[in-house]
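1. Whatever this is, show me its structure:
(2 chains)
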Amino acid sequence: MRLYNTLTRRLEELPPPPGPIRMYVCGPTVYARAHVGNARPFVLGTWLRSWLRRRGYDVTFVHNITDINDKIYKAAPGASADLAERATQWYLEDTDDLGLGRPDHLPRATETVPQIVRFISELVERGFAYDVEGDVYFRVARYPEYGQLSGQRPDRLLDEDEEPNPLKEDPRDFALWKANKPDEDTWWDSPWGRGRPGWHIECSVMAEELLGPVFEIHGGGLDLVFPHHENELAQSRALGHDFARIWTHNGMLRFTGAKMGKSEGNVVTIRDALDRWGREALLLYFMTGHWSKPIDFSDDTMEQAAAQLATFRDALLLDAQADVDESELDTALAEDFNTPDALAILHRWRAAGANAQLRRGLELFGISAALPSAPAGVVELAEEREAARAARDFERADRLRESIGAEGWEVRDVEGGFQLVPR
RNA sequence: GGCGCCGUGGCCGAGAGGUUAGGCAGAGGCCUGCAAAGCCUCGUACAGCGGUUCGAAUCCGCUCGGCGCCUCCA
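-> Alright, predicted model coming up:
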């Protein structure tokens, strides 16, 4: 199994089964309903887990909930904890409805504060951090490797336009701990006074708490490479921890086509996508693009995914029992988890009539392609149509087919009866 | 300006020096009372310009175009 590693900029071999494979995928900051783009790393993480397990790996999948953040304070003045809790529940509901199961651990920043404080204290003791007026900052100058993940050169990271924070020794330094401000309604006690963790530290700590100081995979959106992941790496390596070996960064979703969303964010929530297209079409959509590349989310691309799903469903209605070499799929996935290639293979199996393997292959990605059964009223119409056909009253039969169509179903005449398919 | 990614047939999208990717949409046909599904047939594409090579969509250079990040966005 090889995966593209942002840190080394090449494909990297995973240890052989059973591993272990310890995987941390950055989860959401909970301040609003998550959008489809947020689903991509989650989907990828659960897919990877199930496939690796099938290959005999011992996998632990950690996915965090960042429930302490500036954005939350800003979005819900005076009620940030409440919003964070609500948005956490939304996220769990939305990702549950993707039907891929839950990560093995869903740590929350608010439940990790003592460990975070300990971690920061150690950084301070070792000179990698300093406190000023209740804030604690990471001393970038003390960590010469800074920039290795994102390819940024430390000396080029100075932004002249930015008003420098006078508390920082160096404008590149970033906050590990922030003193409580009057409009922030949650806080924790610490050696530096009342405050709360900065943005990046919670991930270093939660990952190491659950996976240890060295683990195999760290994932997340490409937009997190800098500064978020760069900073995580710096904090942990500063303490001598290897931290993540392979960094996987998934490409962004591009929202094109019809404008959705409000003022500027033309985004679609996971919920909306689920309601409109169904979870299986959505999952199939995610398969159509390689995880490391951007994909367009549009009516057009979703319709194409839905059409592919229908094709698979139709094929599985047939009683086909051909046999194919199932390892072909594993070969595709073993090479950087190439789902578009995997999808092409599944289509070949479909065309070959290898339904058992096709079903197993789809299930790996959480797609059961099972047909819902038609409501009784629709079944009745179909039975009436059968009777009309038997009586060779085709005009009536065609009218009944139209009525069935109006209910959102399609009748097909098959050997010895009919079949009802939603459309 | 800095770091990086990408441009493949109407659309989506693998591949990566010489061999059919696959799908969606479309056309014709078989089947069907008519359909649907299924099956058969049909597309010789790799942004442009140079170069390397016996041979390039695949390597090199330049140009054009799109995108991400550059302190809180998955």
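2. which regions of chain A sit below the pLDDT cut-off?
-> A:153-164, A:256-266 (pLDDT under 70).
3. And the strands in it?
-> Using DSSP state E, the strands assigned to chain A run over residues A:2-5, A:10-13, A:21-25, A:59-63, A:129-132, A:135-138, A:174-179, A:195-197, A:214-221, A:243-250, A:253-255, A:295-297, A:409-414, A:417-422.
4. Say whether RNA strand B is contacted by stretch A:183-194.
-> No. Figure legend: stretch A:183-194 not in contact with RNA strand B (C-beta under 7 Å from any atom of the strand); closest approach 12.4 Å. The way it works is simple: take the backbone N, C-alpha and C, and place the C-beta from them, glycine included.
5. one step back: out of the strands of chain A, nearest to RNA strand B?
-> Proximity to RNA strand B (C-beta to the nearest atom of the strand) singles out strand A:214-221 among these, at 2.0 Å.
6. List the buried residues of the closest one.
-> A:215-221 (16 or more other C-beta atoms under 10 Å).
7. List the strands paired with it, with their directions.
-> Counting by DSSP bridges, the strands paired with strand A:214-221 are strand A:21-25 (parallel), strand A:243-250 (parallel).
8. Distance from the chain centre to that strand, please.
-> In terms of C-alpha atoms, centre = their mean, to the nearest Å, the centre of strand A:214-221 is set 13 Å apart from its chain centre.
9. Compute the inter-axis angle for that strand and strand A:59-63.
-> Using axes from the mean of the first three to the mean of the last three C-alpha atoms, to 10 degrees, the direction of strand A:214-221 lies 50 degrees away from that of strand A:59-63.
10. Alpha carbons of strand A:214-221, in PDB - could you do that?
-> Extracted in PDB, the C-alpha atoms of strand A:214-221 (Å, rounded to 0.1, in the frame of the first residue of the first chain):
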ATOM      1  CA  VAL A 214       4.400   8.600  16.600                       C
ATOM      2  CA  PHE A 215       1.700   7.400  14.300                       C
ATOM      3  CA  GLU A 216       1.400   6.400  10.600                       C
ATOM      4  CA  ILE A 217      -1.100   8.700   9.000                       C
ATOM      5  CA  HIS A 218      -2.300  12.300   9.500                       C
ATOM      6  CA  GLY A 219      -5.000  13.500   7.100                       C
ATOM      7  CA  GLY A 220      -7.000  16.600   6.500                       C
ATOM      8  CA  GLY A 221      -7.900  19.200   3.900                       C
END
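11. Is it possible to get CSV of the strands paired with strand A:214-221 that adds distance to RNA strand B?
-> Formatted as CSV, these follow (distance: least, C-beta to the nearest atom of the strand, whole Å):
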stretch, distance to RNA strand B
strand A:21-25, 8
strand A:243-250, 6
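12. looking at those, which is closest to residue A:283?
-> Closest to residue A:283 of the strands paired with strand A:214-221, according to C-beta to C-beta: strand A:243-250, at 14.7 Å.
13. The closest residue to residue A:332 other than its chain neighbours: neighbour count?
-> Nearest residue to residue A:332, sequence neighbours excluded (C-beta to C-beta, 6 or more residues apart in numbering): residue A:341, at 4.2 Å. If you count neighbours by other C-beta atoms under 10 Å, residue A:341 ends up with 18.
14. now residue A:81
-> Quick note: residue A:81 (other C-beta under 10 Å) scores 15 neighbours.
15. ok, how many other residues are close to the closest residue to it other than its chain neighbours?
-> Distances taken as C-beta to C-beta, 6+ apart place residue A:186 nearest to residue A:81, at 5.3 Å, with adjacent residues excluded. Using other C-beta under 10 Å, residue A:186 has 14 neighbouring residues.
16. And stretch A:100-108, end to end?
-> 20 Å (C-alpha to C-alpha, to the nearest Å).
17. RNA strand B next: which of the buried residues of strand A:214-221 are close?
-> Within these, those near RNA strand B by C-beta under 7 Å from any atom of the strand are A:220-221.
18. Tabulate the buried residues of strand A:214-221 (a markdown table), appending distance to residue A:346.
-> A markdown table is the format used below for the buried residues of strand A:214-221 (distance: C-beta to C-beta, whole Å):
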| residue | distance to residue A:346 |
| --- | --- |
| A:215 | 31 |
| A:216 | 27 |
| A:217 | 25 |
| A:218 | 29 |
| A:219 | 24 |
| A:220 | 27 |
| A:221 | 26 |
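19. Can you name the residues of the stretch 201-350 of chain A that neighbour RNA strand B?
-> By C-beta under 7 Å from any atom of the strand, the residues of the stretch 201-350 of chain A that approach RNA strand B are A:220-228, A:250, A:252-254, A:288-290, A:293-296, A:300-301, A:303-304, A:307-308, A:311, A:314-315, A:317-318, A:335-336, A:338, A:340-341, A:343-344, A:347-348.
20. and residue A:396, what is it in contact with?
-> A:385, A:388 (C-beta atoms under 8 Å, 6 or more residues apart in numbering).
21. and it, how far is that from residue A:402?
-> 11 Å (C-beta to C-beta, to the nearest Å).
22. try residue A:105
-> Distance from residue A:105 to residue A:402, counting by C-beta to C-beta: 53 Å.
23. Going by how many neighbours each has, rank those two and give me the top one.
-> For residue A:105 versus residue A:402, neighbours defined as other C-beta under 10 Å are more numerous around residue A:105 (16 against 9).
24. Which of the residues of the stretch 201-350 of chain A next to RNA strand B are buried? Put it as a PyMOL command.
-> Burial among those is assessed by 16+ other C-beta under 10 Å; the matching PyMOL selection reads:
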select buried, chain A and resi 220+221+222+224+225+227+228+250+253+288+289+290+295+301+308+315+336+338+341+343
